[in-house]
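*Asks:* fold the stuff below for me.
(chains A, B and C)
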Amino acid sequence: MITQAKTSRRNFIKGVIASGAAASSSAYMFGVSGCSNQQVSTGGVERLISLNVNGMTRNVDVLPNETLAMTLRYKLGLTGTKLGCDRGECGACTVLVDGVNLYACSLLTHTARNKQITTIEGLESSDGILHPVQQAMIDELGPQCGFCTPGQIMSAVALLSNNPNPTRDEVRRALSGNLCRCGAYDHYINAVMLAAERGI
Amino acid sequence: MAKDMMPAFELYQPDSLDNALELLSRFGDRSWIVAGGHDSFDWFKDRTKYAQYVIDLNNVNELKGINETSEGIEIGAMTSLTEIELNDVIRQRYSLLSDAVSRVASPQIRHIGTIGGNLNQDARCWYYRYGVDCYRAGGNSCYADTPEGQNREHCLWGASRCVAVSPSDVAPAMVVLEATMVIASANGLREVPAEDYFIGPNIDIERMTVIEPGEVLVSIKIPNTWANAMFYFEKVADRNTWDFPLVNISRAMFIENGVVSRIRMAAGAVECIPRRLSVVEQVVAGSELNEETAELASQAAIRGATPLNFNHFKIPLLQNLVKRALRA
Amino acid sequence: MAFNLIGKNFTPPDIYAKVTGKAKYAEDFKVEGMVFCRLLTSTIPHARVSNINLDEALSMPGVLGVLTADEVTDTDIMDNPILTNHPKFIGQPILAVAAESEQIAQDAIEKISFAIEALPFTVDPLESLFPGGPNARMEGNVANPGIEPEEVKWQVSDFVAAGENHLPMGSPSREWSYGDLDNAFASSVYILEESFVTQGLSHNSMEPRTALAYWDGDKCILHASSQSQSFPHPGVASYIGIAPENLVFIAEFCGGGFGSKGGAYPYVAIPALMSKKINRPVMMRISRNEEALIGSARPGFQGRARLGFDQNGKMLAADLYIVQDNGPTNGFNDWLSAGDALSLVYTPNAMRFRGIPVLTNTPHRGPQRGPGQNQIANAIEPMIDKAARELNIDPLAIRKINAPNNYSKYGGAQTSVTSAYLSEALDQGAEMFNWNERRQRSGQRNGSKVTGIGIGTAYHSAGSNGFDGLLRIDTDGILHIHTGVGNLGTYSHTSTSRVAAEVLGYSWDRCVVERGDSSKGLPWNLGQFGSNTSFTMTRTNYAAAQDAVIKIKQLAALRLGGSIEDYELQNERVQHFNDLNLSLSFAEVAQIAIDEGGSYSGLTYPDEINPMTKRAVGHLAGSGLIGVGRDNLARSGSVAALAAGFIEIELDLETGDWEIKDYVGIADCGTVLHPLGLSHQVKGGAVMGIGLAGYERHIYDPQNGLPAHLGLCHSKLPTYLDVPSEMRWGAVALEDPENPVGAKGIGEPVQGCASAALLCAISDALGGHLFNRTPVVKDMIINFTAGQEQSYGPLQISSA
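*Replies:* Numbers count the residues shown, from 1 in each chain, chains lettered A, B, ... in the order given. Prediction:
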């Protein structure tokens, strides 16, 4: 069973729709020190792509198996997008893709090409004015530890752009894909309601 | 166990179904289709399943969207769960489906998660997902169906070496709506009724649908048969969001002259496939809805249930859900 | 007391960074040349690893090195090791691989081969105590801080005597008692005896314990996920094997800890030692599932309580036995705290405590919010309701009659408390909750739904003393309050620092809180845990401020004449009482302090302060007026933080679903320092309490020792939709006499009171049925209402 001398690597298990097989060689991923001898892809997507992040076009070399969270954090330095679980279970990595809140940990960067990506760093206006949700988060003391806060804010921004005057219940439903271990839910909802009241 | 570092693969992003099918034929069993991606990437990150060629269908626009047809509606397999949840036609005529979809996972997952992906998701048995060499993973034992196996979420019916359940909230609704699954391959299209689409371990222990290698689910046709019926959907899960059902129930029904003229019901998470509650339908059809009918139906619903160590609560739970569905 | 700053809301200095994504947690740092390491962890619960073959891995392009257990600092045998070839739980790190990328490191790990010998294991304390049962480790099956590892097997007769429904009570590791227990039981008109199980629990902090380390000569710079700043510093240095002065420890932000990141933990040493070995900065990113296994866990209890009451509901006698699931190491003292807490919250006239901490091959056990106190609140509070029902007493009344006051005694030694206002908290909560009216709704039916009402109470010892305060007034007159408190998200790094500003009469916009990086010169402070910060660090900052007050007056007298009694502080100036012309600004005083030197500018300092504080003062010396001091204020007992929670639920008998209709939490925390921050603690504690009582699982397959709760979905952390969208709170706000501003902590009991209240409400909705188990999950409610047996045995763990 699980008592194996080598780390378990079971090959050739059939997949859901088609079948999978052991992947070939190793590839370099997320090296930050300028390593260049990366695996050359023999087919499939072009690795050099343009991404539209926070209103700017960024040219970036993206591996086929790279998630948007990894690209944002390690290639573009946008570390406000947090990795809490890397499984689409916590919401700390929530970003907007064409205005829709998604888990950046569970989206291939290549899938987000040609779309407008907004991260927490993109909310503040160029003159330094905070987004109303951010300001309300300060005024209502929204965060505790703060680790889930960027994701919470992104979900709130997505909500308010579709529904500027939500009820408390609509807020908590819209934010329900964002966990908070500190249990700051009540304060977060207060902040979103305040932002809605002030208007965005 | 989760190491969260996907191994390398080559990624293809076809922009048409034909291209996707061509890639599938070319790469055969070394390929893996990705829709919303949440299920696929978990396997890759865990390094318990591998793919050399990943075919991402997100650019195949012809697989997206909801169309009205003379026979009903047709939903592209790559349509997001959110789009289905918010679609006016579905809300008006097939609210069972919008209700079921609204209880899937979390908002973020519904925004990109697709109907095709939901219906094709793999078993959620925690042992299988953990990466043990169980029958479903090609091994020769079941870890869940043992004297001390932690099998609270597992099946009441249809155990056959494997005791995993169908985890989908939407699949039972599709069975109730008599949906037809449209499957494409290089050889053309074929259609399979939802009720036959899902398969148990007795048929093939390593997959949960009739989809063969080289095939893609392209759309789901929902006929007019149950349009505007009286619908009931309820899901009981540990958490109120981002959770899989302990049991869910879907019902469509018409009442004429005070008696049930037509009814169709199915339950999820009690068997490896959505469990059509045909016996309940037989008991109820032609009857008035009252506590007596509900009681009789709930007794009928659990015939043959074979609980494991930790899941016998699913028997009264299913009974209660049947009763609630017949009260509403 | 009237305050200018204390008790008022403020904008915390770190919140802007939190809402803009600029807050840098350990994983957010990037330094030139940084590489990654990943861990090879054990896949079986107890094993011996040998013949590790690294050749193939090391030959892979991009692989930079491997760190094995043979190369790391030795730790005490019963401590959690850094790396080990003798893993004692699934997920325990065996070795680390560094590479240019995480993917290469992970690919390389798959190329490492080794021999692994599976050893006997257990995930159930009672199985280990049974004659012939497995031991979790070679040294035995019982250990705890202060208890050397030993093998303990109970008699078969112990098990037979208890039967299937009760906890066997063989020979304990610890026992204490006070009062005449036999007599107290004999005087009781009602006696109940229940056995219970409380689950272990992963902390599941949102931020896994990722760490980044690099070296500058002999100095190691470490970015870590730590809920404390100064307290872990010496321990972390020791794990790395360097002198504390050679460690720069940076923990400005921490994505949650809940006790699991309170002190030094071994894994931070891995990137540091790897970095030393390969001469590159090393980032060790920890995955969610790795965190769930190495991030420690709350110990579970299998327990038994016998409680005797008089006709008024006064608890006369309590006899408690706890078997603690201790994990494979020394673990933590939850079991002892549980006994102490019971003695205080219900003040029985006589009590006996017995317990034994039993080793299992499950994650290392460490403190988690209300360690011991909250488990016992969950076990005992529903029993209190049962007694109330049997004696026909109101649940509020029975809690009040047993509630501690300022004269109550604590624990086996029956020591004193500084203050205790649980009765007042109950009264305040009852009024806010409208208890008398709500109580009438108990059992009310609405279709398949039934209303349940519950009260819960909980305690934690919430304060300490003897730590140091440090501040500096610079030549611009700005007050820098240096604090070694961590950043757990309570904002107490600032709310406690404001005491110094309060004492010196500062306007808050002229104050800066210096924290989060040991190179800034931070004093020796207790960790941010144990609900202690509000009490402990108001005292240290008070001590530093008092030192500054004296120095300011001394310098004024020196420069302007007169004696220090002639001067007072006003508007950030020192002012002669009689002569308005004799006045200096704090900026001027700071310059004079620099000119005068000595203790004024930190060139000298009291010998009694901690070496860390001495280094910090040395770092700041000559840059302004230094206020520094050890907290020598009197402290004579347990600082009793107490809380009461009130809950109304509607429970659906057919689905086991329940919805919380209202929650009120009341804190006995002395003076309120920061109302919004306190609101956060009361409500956030309640959310975590709701998880503890009704959701969260820590499940092991006993056959294979496999964890079934990995992943946040399987751990069942409560979501927005599982808790009320609005909760209410209040504070008793009666000052604690042993704190200079009257404050004491509260972070932990506000969880236990909510979890206990929820359990009582569920029990109430089910006509008083006791599950004697946490969490109470839907299948248990469904089985109960269907009249069928539960799927677990009464003392079975890993069942929810």
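*Asks:* quick check: phi and psi on C:Y190?
*Replies:* phi -140, psi 130 (degrees, to the nearest 10).
*Asks:* could you do the one 5 residues further on as well?
*Replies:* Phi and psi for C:S195, reported as degrees, to the nearest 10, are phi -100, psi 150.
*Asks:* got it, and B:D145?
*Replies:* For B:D145, the backbone dihedrals (degrees, to the nearest 10) come out as phi -90, psi 70.
*Asks:* gap between it and chain C?
*Replies:* 12 Å (Cβ to the nearest Cβ, to the nearest Å). Yep, even glycine has a C-beta here, placed from its N, CA and C like the rest.
*Asks:* neighbours of that residue, how many?
*Replies:* Per other Cβ atoms under 10 Å in any protein chain shown, the neighbour tally for B:D145 reads 20.
*Asks:* ditto for the one 4 residues further on
*Replies:* Other residues near B:G149 come to 21 when the count uses other Cβ under 10 Å.
*Asks:* would you check that it makes contact with B:A159?
*Replies:* No - the pair B:G149 and B:A159 does not pass the contact test of Cβ atoms under 8 Å, sitting 11.7 Å apart.
*Asks:* residues shared between the contacts of the two?
*Replies:* Residues touching both B:G149 and B:A159 by Cβ atoms under 8 Å, 6 or more residues apart in numbering or on different chains: B:L308.
*Asks:* helices of the stretch 1-150 of chain B, start to end?
*Replies:* Along the stretch 1-150 of chain B, counting by DSSP state H, counting those that start in this stretch, helices occupy B:17-27, B:38-46, B:81-86, B:88-93, B:95-102, B:107-112, B:115-119, B:126-130.
*Asks:* kindly report the same for the stretch 301-450 of chain C.
*Replies:* C:334-345, C:373-391, C:395-402, C:422-433, C:435-439.
*Asks:* hey, C-alpha coordinates of the second one in PDB?
*Replies:* Listed next in PDB are the C-alpha coordinates belonging to helix C:373-391 (Å, rounded to 0.1, in the frame of the first residue of the first chain):
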ATOM      1  CA  GLN C 373     -10.100  25.700  28.800                       C
ATOM      2  CA  ASN C 374     -12.200  25.700  25.700                       C
ATOM      3  CA  GLN C 375     -12.300  21.900  25.300                       C
ATOM      4  CA  ILE C 376     -13.500  21.600  28.900                       C
ATOM      5  CA  ALA C 377     -16.100  24.400  28.500                       C
ATOM      6  CA  ASN C 378     -17.500  22.400  25.600                       C
ATOM      7  CA  ALA C 379     -17.600  19.200  27.700                       C
ATOM      8  CA  ILE C 380     -19.000  20.700  30.900                       C
ATOM      9  CA  GLU C 381     -21.400  23.400  29.900                       C
ATOM     10  CA  PRO C 382     -24.000  21.000  28.400                       C
ATOM     11  CA  MET C 383     -23.800  19.000  31.700                       C
ATOM     12  CA  ILE C 384     -24.500  22.100  33.700                       C
ATOM     13  CA  ASP C 385     -27.700  22.500  31.600                       C
ATOM     14  CA  LYS C 386     -28.600  18.900  32.400                       C
ATOM     15  CA  ALA C 387     -28.100  19.600  36.100                       C
ATOM     16  CA  ALA C 388     -30.200  22.700  35.800                       C
ATOM     17  CA  ARG C 389     -33.000  20.700  34.100                       C
ATOM     18  CA  GLU C 390     -32.900  18.000  36.700                       C
ATOM     19  CA  LEU C 391     -33.000  20.500  39.500                       C
END
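*Asks:* I'd like the mean pLDDT over it, please.
*Replies:* Here helix C:373-391 scores 98 as its mean pLDDT.
*Asks:* tell me the angle that helix makes with helix C:334-345.
*Replies:* Taking axes from the mean of the first three to the mean of the last three Cα atoms, to 10 degrees, one finds that helix C:373-391 is oriented at 40 degrees with respect to helix C:334-345.
*Asks:* now the residue of chain A found nearest chain C: closest residue in space, sequence neighbours ignored.
*Replies:* Chain A approaches chain C most closely through A:G80 (1.9 Å), counting by Cβ to the nearest Cβ. Closest residue in space to A:G80, ignoring its immediate chain neighbours: C:G21 at 1.9 Å, by Cβ to Cβ, 6 or more residues apart in numbering or on different chains.
*Asks:* and that neighbour, how many neighbours?
*Replies:* 26.
*Asks:* so what's it up against?
*Replies:* A:78-81, A:119-121, A:150.
*Asks:* one more time with 7 Å, if that's ok
*Replies:* Counting by Cβ atoms under 7 Å, 6 or more residues apart in numbering or on different chains, C:G21 touches A:80, A:119-121, A:150.
*Asks:* give me the number of residues near the residue of the stretch 101-250 of chain B at minimum distance from chain A?
*Replies:* Proximity of the stretch 101-250 of chain B to chain A (Cβ to the nearest Cβ) peaks at B:S106, 3.1 Å away. Using other Cβ under 10 Å, B:S106 has 27 other residues around it.
*Asks:* hmm, it is touching A:L175, no?
*Replies:* No - in this structure B:S106 lies outside contact range of A:L175 using Cβ atoms under 7 Å: 9.7 Å.
*Asks:* who touches the residue of the stretch 101-250 of chain B closest to chain A in this structure?
*Replies:* A:176-177, B:241-242.
*Asks:* mind checking which helix or strand of chain B has the lowest mean pLDDT?
*Replies:* helix B:38-46 (a mean of 94; mean pLDDT, DSSP states H and E).
*Asks:* how about that helix and chain C, any contact?
*Replies:* No - Helix B:38-46 stays clear of chain C (Cβ under 7 Å from any Cβ of the partner chain), getting no nearer than 8.4 Å.
*Asks:* now what about that helix, what contacts it?
*Replies:* A:16, A:86-88, A:106, B:1-7, B:32, B:34, B:49, B:109, B:113, B:117, B:121-122, B:131.
*Asks:* please repeat the previous calculation with a cut-off of 8 Å.
*Replies:* A:15-16, A:20, A:65, A:67, A:86-88, A:103, A:106, B:1-7, B:9, B:32, B:34, B:49-51, B:54, B:105, B:109, B:112-113, B:117, B:121-122, B:129, B:131.
*Asks:* in strands only, show me those residues.
*Replies:* A:103, B:32, B:34, B:54 (DSSP state E).
*Asks:* what does the stretch 51-200 of chain B have sitting close to chain C?
*Replies:* Applying Cβ under 8 Å from any Cβ of the partner chain, one finds that the stretch 51-200 of chain B approaches chain C through B:126-127, B:130, B:132, B:143, B:146-150, B:152.
*Asks:* Three-state assignment for the residue of the stretch 151-300 of chain C found nearest chain A, please.
*Replies:* Of all residues in the stretch 151-300 of chain C, C:G255 sits closest to chain A, with a separation of 3.0 Å (Cβ to the nearest Cβ). With DSSP: H, G, I helix; E, B strand; the rest coil as the basis, C:G255 sits in coil.
*Asks:* and the closest residue to it other than its chain neighbours, how many residues sit next to it?
*Replies:* Distances taken as Cβ to Cβ, 6+ apart place C:E207 nearest to C:G255, at 2.3 Å, with adjacent residues excluded. The number of residues packed near C:E207 is 26, by other Cβ under 10 Å.
*Asks:* tell me the confidence at C:E207?
*Replies:* At C:E207, pLDDT is 98.
*Asks:* can you check A:T3 too?
*Replies:* Looking at A:T3, the pLDDT reads 34.
*Asks:* got it, and C:G133?
*Replies:* As predicted, C:G133 sits at a pLDDT of 97.
*Asks:* before we move on, what about C:P775?
*Replies:* 97.
*Asks:* sec struct for it, please.
*Replies:* coil.
*Asks:* also A:L141?
*Replies:* Classified using three-state DSSP, A:L141 is coil.
*Asks:* my guess is it meets A:H187, correct?
*Replies:* Yes - if you go by Cβ under 8 Å, A:L141 and A:H187 touch, sitting 5.9 Å apart.
*Asks:* what do those two both touch?
*Replies:* C:676, C:679-680.
*Asks:* which of these has the most neighbours?
*Replies:* C:H680 (26 neighbours).
*Asks:* that one belongs to a strand, doesn't it?
*Replies:* No - going by three-state DSSP, the assignment for C:H680 is helix, not a strand.
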